[in-house]
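Visitor: have a look; sequence and predicted model below, questions after that.
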Amino acid sequence: MRGNDWTILVFAGALLVGTTISTPGQAQSTIETVKKRGHVICGASQGTVGFGAPDSNGYWRGLDVETCRAIAVAIFNDRDKIEFVPLSGQQRIPALQTGEIDVLPRTLTWTLRRDGNGINPTFANYYEYTGFMMPKALGVTKVDEMAGASVCVQTGSTTEVVVNDVSTKHNLGLKPVIFDNVAATRQAFFSGRCDALITDAAALASVRATQAKNADDYVIFPATQYMDALAPAVRHGDDQWFDTVKWSIQALLAAEMYGITQANADQMLTSSDPRIRRFLGVEPGNGTALRLDEKFAYNIVKQLGNYAEIFDRNLGKGSPLKIERGPNRLFRDGGLMFPLDFQ
Amino acid sequence: MLTHLWYSERARSWLIQGLLLGGVACFLYWVCGNTAANLAARGIRVGYEFLWRTARFPISESVIPYSPADTFLWAFVVGIANTLFISLLAIVSSTVVGLLVALARRSGNPLLAGITGGYVTAVRNTPLIVQLLFWYALATTALPAPRNAFNPIDGVFISLRGIFLPQVHLSGDTTTFAALALSIIVVTTMMVGIARRWNVPLRGALVMIAVVTALGAVAAVNDIRISVSTPELRGLNFVGGFRLSSEFTALMLGLVIYTSAFIGEIIRGGIDAIGKGQWEAARALGLNERKTLSRIIIPQALRIIIPPLTTQYLSTVKNTTLALAVGYPELGLIVGTVINQTGQAIESIVIMLAVFLTISIAVSLVMNRYNRKIALVQP
Amino acid sequence: MTPIEFTPSLLVDRRATRPPPVPRRSTAGILFGDLTSALLTIVTGGLILLAAPAIAKWAIIDAVWTTGNPSACQQAGACWAFIADKLRFILFGVYPPEQQWRPLVVIGLVLLGVLMTLAPALWGRRLIIGWTVLVAVMLALMWGGFLGLSFVPTSRWGGLPVTLLLAVVSLGLGFPFAVLLALGRRSAWPVTRFLSVFTIEIVRGLPLVGLLFVASILLPLLLPADWTIDKLGRTVAALTVFAAAYLAEVVRGGLQGVPVGQQEAARALGIPYWKTVCYIVLPQAIQKVIPPLTNTAIIMVKNTSLVMIVGVFDMLGAGRSAATDPAWPAPYPEIYLFVASIYFVICYGISRYSLWLERRVREKDYQ
């Protein structure tokens, strides 16, 4: 008998047996996968300072990044047990659907069709207008003056549809120039290829502050009168993971409401307010309910601070962007952020 | 008995092939099972009904009419049309430029041969995507803004928004244009028929004169007006005229420069492979250089050139997918957008793969037919 | 009367086989001999005279070379200072800065491997083992996580090492598959033949961008939910499949050139099939296809640049990302020229080496 026949026989047999045995079993729940892996994988943008971008040492910083870190703290009590995977606009949804990432932070506008298509937005942690940025020299300051303007658009975002909606509504004849990559879109805008750049107004502010040669040369104005809710999202069909992400985000908001900060978290442990005691896990129950550490909320605040602190250091007064909190204030301050009851 | 069967070469080969086939079938079953389980777990619905929904996203330029109110299906069609358009344009112009490159490299002139040689080496040894990005970066950084556009000739503007040219509009009703097209066809067929019938050599100039006369006659009868619209700067951008966007210009420039270097080498290789005796014989017969090349050398060289040229055409079609890096909306960019708008990744990618396979097979078929036609007929 | 000389047919007058004398022409004669060449020379020369000063002015005279002052680039020629300033970032991407000696060593190891491969005398089993060990060491160095080396996830790999690793790994992994596919395509068994032809033609019919889309978006859906392969791994898979299909056609060409007698003789001697293939057919086949093999290697090196489209941070991606620094006036053409020149050095090197090797093989054949 010749050797090759045996080899092929064995190979074919192995293929046969191998594939029959490993028929798809029940997929593990996300939280088990994460715990086994030892870190959370978070989808990140391709670099928008203030929301998510690596600093010069490669350490990721920004509001979205810290939201993801809060999840890592809730599970592992370690804000660095996390990996960031930079994704383009068109990659982020498939990456979440296919399990390449565990959670996609804020970058996604909450829309009906996304919700219906395998994506579960957890809880909006940023409210924003879609805006246009244009050079001041062009003398345009509102949408209905934009007739004939060419607009740099990144594919894989809701802004493509917004450009069309705005153009139709005001009969502007906007000319979109579409790229598949954030860097290319911004390069095209700053080189003058387009008159305007469209994306979330806060991201525009970030781009202007960090990538324009002279930030004062550019003006930003809203594209529509409608506000978008941006929410960290998870996959359909895993409720435990959905809850974990949702309440990790909630912990940041609730901490601000209760006046708990990174600095005073330890003193707050002795607070007599039952709500604060439940929140910090002094009175147990919340952790058990979510199958997390009893002190997960305390850990989050202790390691990252509350929403206000995160906002200020990445986007607000403590950052080069100086973005107003506006609708992202708590409801008691006139904003839209609504912390839920931790009990 | 069984051992007997095993030692029979035929039986054994079929057994092994059966097992191999079984293994592959199991593998496919496993993949499909995984996919179904994954899709179910993630709540993704598979199906093509989304194709009939309104696309709502804009496409920056297209060779066939498109508006965001059209369906996703039409968006795909627009992407396919754009891909075919740039492929065809790139193939035709690269072939022409490639022939010139080959002739320049073969010319006795050391200056010209040296420069084209350097160009071919530089272009062939760097990735196409880097070249495309380079041309695009050059087009959008070196050229002026629309307000200070270069205006070399009246009505022509070159700016970082693209090249704007005057456009000739023919106005008249559709029947007129149908009549025009019909008259061109009729006149050409008649001329060719006459030439064949009486064995008269057909002169290009003669045909042109006849066609123009016929066109003129039809135009005069049906009252066709010719108007020219020139681009002008109005508001933020140029209005009117014909626009070659910077994306399209950079893409074509990059594709043609890259592809013609390869085609030039293929043609040069084909010409070099023709024996010196053919040149000498042609010269001995008193044919001049140009006639020798076009009547003696190229027809023979084509037999060597066509197979690698086919491969090159195919890779040019595939290379057009890189257009998405410079923002030209070919099929790849549209597929990316649709995936994001609908989440229907599997369906969109299947469409893209099917389109490219069809184009590849079609190009191969056409080129193989041509190859058979020009192949040496050996008795 | 002189006797009639008898010339044996083997002793042909050597003068008759010499090439005809080439008329010697002066340089001026070549350049301006007749009207056509004179015109060509004048037009080409004119173009050079027009373009060269402008290019030289941009690239050398007006260029900014001194680092540390980005604003100097605002109104000047080429901004080479930018390349110098961002060199580390372009070469190593976002790899942790204090650990960047590791990718540097990896580049060195690739060079070592290339040097090892240059000498045909070393070809053989040892070279294969050598490369395998080298690639394993390179990957281990990049990942770390042992002997006090910190762990670096692939999402932080970037720049030139990624480009080189992608090319080396995809070619290396693709080659065995290519040999199997080529053998399958030439097999007498219809099932094997069909499967091979199907695979090869499908992959060759698709653009690499399409394959990369499949790998980055579809592949995770096709595998069981608990198998997770990261983005870089999936990109390598796509490039490997691509390389395998193209290499398979090259190998097939070589197999066709090996006389059937070789295989029949081996069979008559009772040498098993796989040994015949490995020790008799393949070495002869591969020697015949060295030029197209190196050509495929060049194509693969160039193709690694496409991974930027699916967001893998190769040298091109790192270069583009570096250019977004607002301190510098967006020196994109300079970046692309620099990246292109690195690719050029690699690809041109391979093609020169291929030419040398081809000549050597031909000379050996004549001996």
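Guide: Good, I have the coordinates. As the structure is a computational prediction, the values presented were derived from the model and not from experiment.

Visitor: name the SS class of the closest residue to A:Thr130 other than its chain neighbours, please.
Guide: Nearest non-adjacent residue to A:Thr130, counting by CB to CB, 6 or more residues apart in numbering or on different chains: A:Ala223, 4.6 Å away. C-beta coordinates here come from the backbone N, C-alpha and C atoms, glycine included. Counting by DSSP: H, G, I helix; E, B strand; the rest coil, the backbone at A:Ala223 sits in strand.

Visitor: now do the contacts for A:Ala223.
Guide: Listed by CB atoms under 8 Å, 6 or more residues apart in numbering or on different chains, the contact set of A:Ala223 reads A:129-132, A:143, A:162-163, A:166, A:198.

Visitor: from C:Arg185, how far off is the residue in the stretch 201-343 of chain A that chain C sits nearest to?
Guide: Of all residues in the stretch 201-343 of chain A, the one sitting closest to chain C is A:Gln211 (4.5 Å; CB to the nearest CB). Distance, A:Gln211 to C:Arg185, by CB to CB, to the nearest Å: 52 Å.

Visitor: so C:Val301 sits right up against C:Ala167, yeah?
Guide: Yes - with contact defined as CB atoms under 8 Å, C:Val301 reaches C:Ala167; the gap is 4.7 Å.

Visitor: which residue ranges form the strands in the stretch 201-350 of chain B?
Guide: If DSSP state E, counting those that start in this stretch is used as the criterion, the strands of the stretch 201-350 of chain B fall at B:225-229, B:232-234, B:237-239, B:242-245.

Visitor: please identify the buried residues of stretch C:267-285?
Guide: By 16 or more other CB atoms under 10 Å in any protein chain shown, the buried positions in stretch C:267-285 come out as C:271-273, C:276-277, C:280-282, C:285.

Visitor: same check on stretch A:112-124?
Guide: Those would be A:114, A:117-124, for stretch A:112-124 by 16+ other CB under 10 Å.

Visitor: okay, who's weakest in those by pLDDT?
Guide: Among those, A:Asn117 carries the lowest pLDDT, at 71.

Visitor: all strands of the stretch 51-200 of chain B, in order?
Guide: B:157-159, B:162-165, B:167-171.

Visitor: TSV for those strands, including distance to chain A and mean pLDDT?
Guide: Formatted as TSV, the strands of the stretch 51-200 of chain B follow (distance: least, CB to the nearest CB, whole Å; pLDDT from 0 to 100):
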stretch	distance to chain A	mean pLDDT
strand B:157-159	9	84
strand B:162-165	9	83
strand B:167-171	17	73
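
Visitor: related to what we said a few turns ago, restrict the buried residues of stretch A:112-124 to those near chain B?
Guide: The subset of the buried residues of stretch A:112-124 within reach of chain B, by CB under 8 Å from any CB of the partner chain, is A:114, A:117-119.

Visitor: my read: B:Ile349 touches B:Val335, true?
Guide: Yes - B:Ile349 is within contact range of B:Val335, at 6.7 Å (criterion: CB under 8 Å).

Visitor: what about residue 288, how many neighbours?
Guide: In the absence of a named chain, chain A is used. Around A:Thr288 there are 10 other residues, counting by other CB atoms under 10 Å in any protein chain shown.

Visitor: my bad, the chain I had in mind was chain B
Guide: Count around B:Asn288 with other CB under 10 Å applied: 9.

Visitor: how far away is it from B:Ser294?
Guide: 10 Å.

Visitor: ok, now C:Pro120?
Guide: Applying CB to CB to C:Pro120 and B:Ser294 gives a distance of 44 Å.

Visitor: kindly report the same for A:Ala231.
Guide: To B:Ser294, A:Ala231 is 68 Å away according to CB to CB.

Visitor: of these two, who's got more company?
Guide: The residue with more neighbours, out of A:Ala231 and B:Ser294, is A:Ala231; 27 against 11, by other CB under 10 Å.

Visitor: could I get the CA-only coordinates of the helix or strand hosting A:Arg186 as CSV?
Guide: If you go by DSSP states H and E, A:Arg186 is part of helix A:182-191. Only the C-alpha atoms of helix A:182-191 are listed here, as CSV (Å, rounded to 0.1, in the frame of the first residue of the first chain):
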residue,chain,number,x,y,z
VAL,A,182,-12.2,59.1,9.6
ALA,A,183,-8.7,60.4,8.9
ALA,A,184,-9.3,60.6,5.2
THR,A,185,-12.6,62.5,5.8
ARG,A,186,-10.9,65.0,8.1
GLN,A,187,-7.9,65.4,5.8
ALA,A,188,-10.2,66.2,2.9
PHE,A,189,-12.0,68.8,4.9
PHE,A,190,-9.0,70.6,6.2
SER,A,191,-7.3,70.5,2.8
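
Visitor: and the contacts of it?
Guide: So helix A:182-191 is in contact with A:45-48, A:88-89, A:133, A:152-154, A:177, A:179, A:194, A:196-197, A:207, A:211-213, B:137, B:140-141, B:160, B:325-327, C:320-321, C:323-324, C:330, C:332, going by CB under 8 Å, 6+ apart.

Visitor: wait, doesn't C:Thr117 sit right on C:Leu127?
Guide: Yes - between C:Thr117 and C:Leu127 there is a contact at 6.5 Å, judged by CB under 8 Å.

Visitor: so which residues of chain A form helices?
Guide: All helices of chain A, identified by DSSP state H, fall at A:3-21, A:30-37, A:63-76, A:89-97, A:112-116, A:159-170, A:182-191, A:201-211, A:239-258, A:265-268, A:274-280, A:286-290, A:296-304, A:307-314.

Visitor: neighbours around the closest residue to C:Thr294 other than its chain neighbours, how many?
Guide: Nearest residue to C:Thr294, sequence neighbours excluded (CB to CB, 6+ apart): C:Ser354, at 3.6 Å. Using other CB under 10 Å, C:Ser354 is surrounded by 18 other residues.

Visitor: would you list the phi and psi of C:Ser354?
Guide: Backbone torsions of C:Ser354, given as degrees, to the nearest 10, read phi -60, psi -40.

Visitor: what stretches of the chain score poorly on pLDDT?
Guide: All of this is about chain A. Residues of chain A that meet the criterion pLDDT under 70 lie in A:1-28, A:56, A:90, A:156.

Visitor: sorry, I should have been clearer: chain C.
Guide: C:1-33, C:67, C:326, C:364-367.

Visitor: how does it divide up, domain by domain?
Guide: Domain ranges of chain C: C:93-157, C:158-366, per automatic domain parsing.

Visitor: quick one, which of these is packed in tightest?
Guide: Between the domains of chain C, domain C:158-366 has the highest mean count of neighbours, a mean of 19, where neighbours are mean count of other CB atoms under 10 Å in any protein chain shown.

Visitor: would you map the helices across the stretch 1-150 of chain C?
Guide: Applying DSSP state H, counting those that start in this stretch to the stretch 1-150 of chain C gives helices spanning C:14-17, C:27-32, C:35-56, C:80-92, C:101-118, C:125-143.

Visitor: please apply the same query to chain B.
Guide: Assigned by DSSP H, chain B shows helices spanning B:2-7, B:9-42, B:72-106, B:110-124, B:128-141, B:174-197, B:204-222, B:246-272, B:276-284, B:289-291, B:298-319, B:331-342, B:345-374.

Visitor: is the fourth one anywhere near chain C?
Guide: Yes - remark: helix B:110-124 sits within contact range of chain C at B:110-112, B:115, B:121-122, B:124, by CB under 8 Å from any CB.
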